[in-house]
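Engineer: Test case, fold it:
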Amino acid sequence: MKNFSAGKYISQGSYKSFQPEPLNRLWQIDDMSVFALLSKADRFLGRLDMYSEYVDIDLFIQMHIAKEATQSSKIEGTQTRMEEAFLSKTDIQAEKRDDWEEVQNYIQAMNEAVNMLHTLPFSTRLIRLAHKILLHGVRGQHKQPGEFRRSQNWIGGASLADAAFVPPLHTEIGSLMSDIEHFANAEDDHLPDLLKIAMIHYQFETIHPFLDGNGRTGRLLITLYLVSKGILKRPILYLSDFFERHRTLYYDNLMRVRTHNDLAQWLKFFLTGIIETSQKGVDTLNRTMQLNQSLEKQIDAIGKRRADARILLNAMYKKPIVSSAETVALINKTPQTAYNLIADLEKMGILREITGAQRNKLYAFEPYINLFEKL
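Structural biologist: Residues are numbered from 1 along each chain as shown. Model prediction:
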């Protein structure tokens with residue numbers, strides 16, 4: 001990026017805040033290694049989106065969203081596993097409920113924000129609505145959910161005096177977020193969308209416009225932007241998995257833009273994440289279809305209960321945890337018939353009892369969950 005400057009540090013007396021340069025300006029990108037990765041990222045992301053049209057994506061979409069939710073929250077220190085994301089609150093151990101609720105909020109924020117894109121553009125209003133959902137009833141709920149901060153925050157350190165990074169003054173947030181909105185929706189700059197969202201994510205995390213939840217909100221915006229631009233038809237990219245596995249690099253590359261004006265390195269890291277995650281997404285969808293075909297053959301051995309087995313497993317592709325009572329309702333048969341069906345599927349290694357209790361047992365769709373947990 002020719003003559004790129006990320007911004008400048010401004011003395012605020014006892015500390016220095018960082019004032020980023022606006023995004024909505026003319027860009028000249030001359031780093032061919034960025035363009036090489038961009039071409040590959042476009043190709044692999046397009047392949048993922050195309051692949052999703054050849055499967056019944058509505059069956060599998062909630063698992064992709066749950067994967068993104070658990071990994072994005074994991075970056076912030078939560079420890080909710082994939083199968084736990086589909087449990088009810090009463091089935092979660094008391095010491096794990098705070099983490100579980102944050103993951104549930106992320107899932108809800110993703111689902112509702114994607115739906116809001118039918119009536120709202122990618123905008124500061126959408127961002128604030130998503131943030132409000134993310135922080136509802138969880139840690140940070142008293143830190144102005146859905147509202148830009150009205151005081152100074154910082155990253156790292158115990159106070160402003162020893163902070164690793166101090167974002168811009170709260171009085172600058174309105175204009176800086178408005179700049180992001182104009183940059184995101186500008187149609188005359190011809191900058192590729194994948195570079196745009198990489199820059200938007202960096203800028204958002206630099207502005208840190210909320211008192212809490214900036215990391216989760218900023219990662220949520222990536223998927224929302226790609227859906228809003230029609231690059232993805234559904235939110236099936238779990239990029240937070242890549243960020244979580246390379247957490248140190250993720251934060252270091254964001255910081256390097258501010259300290260060394262090295263935007264190219266951040267773009268290359270981001271595009272590498274798009275490539276790797278898209279490849280994994282295609283592989284997961286492919287293995288899901290292979291699992292589906294394999295299970296079709298397995299349940300033929302059940303005999304007269306195979307129709308009930310298909311009904312149950314189709315429901316579990318959307319929600320891979322089920323109780324015996326839910327099974328009764330799904331197949332519309334007697335409790336004893338449901339128990340016999342569950343027992344058959346347990347013997348085949350398709351279901352696994354996860355509570356260890358004598359009553360109110362829950363069963364996980366083991367091979368399906370493993371596709372996502374062991375990526």
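
Engineer: roughly how far out does the helix of greatest length in the chain sit from the chain middle?
Structural biologist: Using DSSP state H to define each element, the chain has its longest helix at helix 263-299. Helix 263-299 sits 14 Å away from the centroid of its parent chain (Cα atoms, centre = their mean, to the nearest Å).

Engineer: pLDDT of that helix, averaged?
Structural biologist: The average pLDDT within helix 263-299 is 95.

Engineer: Tell me which helix or strand comes right after that helix.
Structural biologist: helix 306-318 (DSSP states H and E).

Engineer: residues in contact with that following helix?
Structural biologist: Outside helix 306-318, the residues that touch it by Cβ atoms under 8 Å, 6 or more residues apart in numbering are 58-60, 62-63, 288, 292, 295-296, 299-300, 302, 322, 327, 330-331, 333, 337, 341, 344-345, 350, 365, 368. The way it works is simple: take the backbone N, C-alpha and C, and place the C-beta from them, glycine included.

Engineer: Please pull up the helix or strand immediately following it.
Structural biologist: Taking DSSP H and E, what comes next after helix 306-318 is strand 321-323.

Engineer: follow-up on the earlier one: report the angle between the axes of the longest helix of the chain and helix 306-318?
Structural biologist: Interaxial angle, helix 263-299 versus helix 306-318 (axes from the mean of the first three to the mean of the last three Cα atoms, to 10 degrees): 170 degrees.

Engineer: buried residues in helix 263-299?
Structural biologist: Neighbour-count burial for helix 263-299 flags 263-278, 280-282, 284-285, 288, 291-292, 295, 299 (criterion: 16 or more other Cβ atoms under 10 Å).

Engineer: same thing with stretch 366-374?
Structural biologist: Quick answer for stretch 366-374 (16+ other Cβ under 10 Å): 366-369, 371-372.

Engineer: Repeat that for stretch 14-23.
Structural biologist: Result for stretch 14-23 [16+ other Cβ under 10 Å]: buried residues 15, 17-20, 23.

Engineer: can you put the buried residues of stretch 366-374 in CSV and add pLDDT and distance to Tyr106?
Structural biologist: Below are these laid out as CSV (pLDDT from 0 to 100; distance: Cβ to Cβ, whole Å):
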residue, pLDDT, distance to Tyr106
Glu366, 95, 24
Pro367, 95, 25
Tyr368, 95, 21
Ile369, 94, 18
Leu371, 91, 20
Phe372, 89, 15
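
Engineer: ok, now which ones touch Leu194?
Structural biologist: Per Cβ under 8 Å, 6+ apart, neighbours of Leu194: 38, 41-42, 45, 231, 270-271, 274.

Engineer: so which strand or helix has it?
Structural biologist: Short version, using DSSP H and E: Leu194 is in helix 193-207.

Engineer: That helix - what's its average pLDDT?
Structural biologist: For helix 193-207, the per-residue pLDDT averages 98.

Engineer: starting at the chain centroid, how far to that helix?
Structural biologist: 15 Å.

Engineer: how much does that helix deviate in direction from helix 263-299?
Structural biologist: Using the same axes, to 10 degrees: helix 193-207 against helix 263-299 is 110 degrees.

Engineer: Now the element after helix 193-207, going C-ward?
Structural biologist: Following helix 193-207 in sequence, per DSSP H and E, is helix 214-228.

Engineer: for the following helix or strand past that following helix, the distance to its chain's centre please.
Structural biologist: Next in sequence after helix 214-228, counting helices and strands by DSSP H and E, comes helix 240-245. Relative to its chain's centre, helix 240-245 lies at 10 Å (Cα atoms, centre = their mean).

Engineer: What residues sit buried inside the helix or strand following helix 240-245?
Structural biologist: As assigned by DSSP H and E, the chain's next helix or strand after helix 240-245 is helix 247-260. Going by neighbour count (16+ other Cβ under 10 Å), the buried part of helix 247-260 is 249-251, 253-258.

Engineer: Give me the buried entries from the contacts of helix 306-318.
Structural biologist: 59-60, 62-63, 288, 292, 295, 299, 302, 322, 327, 330-331, 333, 341, 344-345, 350, 365, 368.

Engineer: Which members of the residues you listed are positioned in strands?
Structural biologist: Judged by DSSP state E, the buried ones among the contacts of helix 306-318 include 322, 365 as members of strands.

Engineer: quick one: which of the buried residues of stretch 366-374 is nearest Thr171?
Structural biologist: Distances from Thr171 to these, taken as Cβ to Cβ, are shortest for Phe372 (43.2 Å).

Engineer: From the contact counts, what lies against the strand or helix carrying that closest one?
Structural biologist: According to DSSP H and E, Phe372 maps onto helix 366-373. In this structure, helix 366-373 makes packing contacts with helix 57-75, helix 263-299, judged by 3 or more Cβ pairs under 8 Å, 6 or more residues apart in numbering; DSSP states H and E.

Engineer: Just the CA trace of the first one, in PDB.
Structural biologist: As requested, C-alpha coordinates have been extracted for helix 57-75 and formatted as PDB (Å, rounded to 0.1, in the frame of the first residue of the first chain):
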ATOM      1  CA  ILE A  57     -27.800 -26.400   3.600                       C
ATOM      2  CA  ASP A  58     -30.800 -25.600   5.900                       C
ATOM      3  CA  LEU A  59     -30.100 -29.000   7.600                       C
ATOM      4  CA  PHE A  60     -26.500 -28.100   8.400                       C
ATOM      5  CA  ILE A  61     -26.400 -24.300   8.800                       C
ATOM      6  CA  GLN A  62     -26.900 -24.300  12.600                       C
ATOM      7  CA  MET A  63     -23.800 -26.400  13.100                       C
ATOM      8  CA  HIS A  64     -21.700 -23.900  11.000                       C
ATOM      9  CA  ILE A  65     -23.000 -21.000  13.100                       C
ATOM     10  CA  ALA A  66     -22.400 -23.000  16.300                       C
ATOM     11  CA  LYS A  67     -18.900 -23.600  15.200                       C
ATOM     12  CA  GLU A  68     -18.300 -19.900  14.600                       C
ATOM     13  CA  ALA A  69     -19.900 -19.000  17.900                       C
ATOM     14  CA  THR A  70     -17.900 -21.400  20.000                       C
ATOM     15  CA  GLN A  71     -14.600 -20.500  18.400                       C
ATOM     16  CA  SER A  72     -15.200 -16.700  18.500                       C
ATOM     17  CA  SER A  73     -16.100 -16.900  22.200                       C
ATOM     18  CA  LYS A  74     -13.200 -19.200  22.800                       C
ATOM     19  CA  ILE A  75     -10.800 -16.400  21.800                       C
END
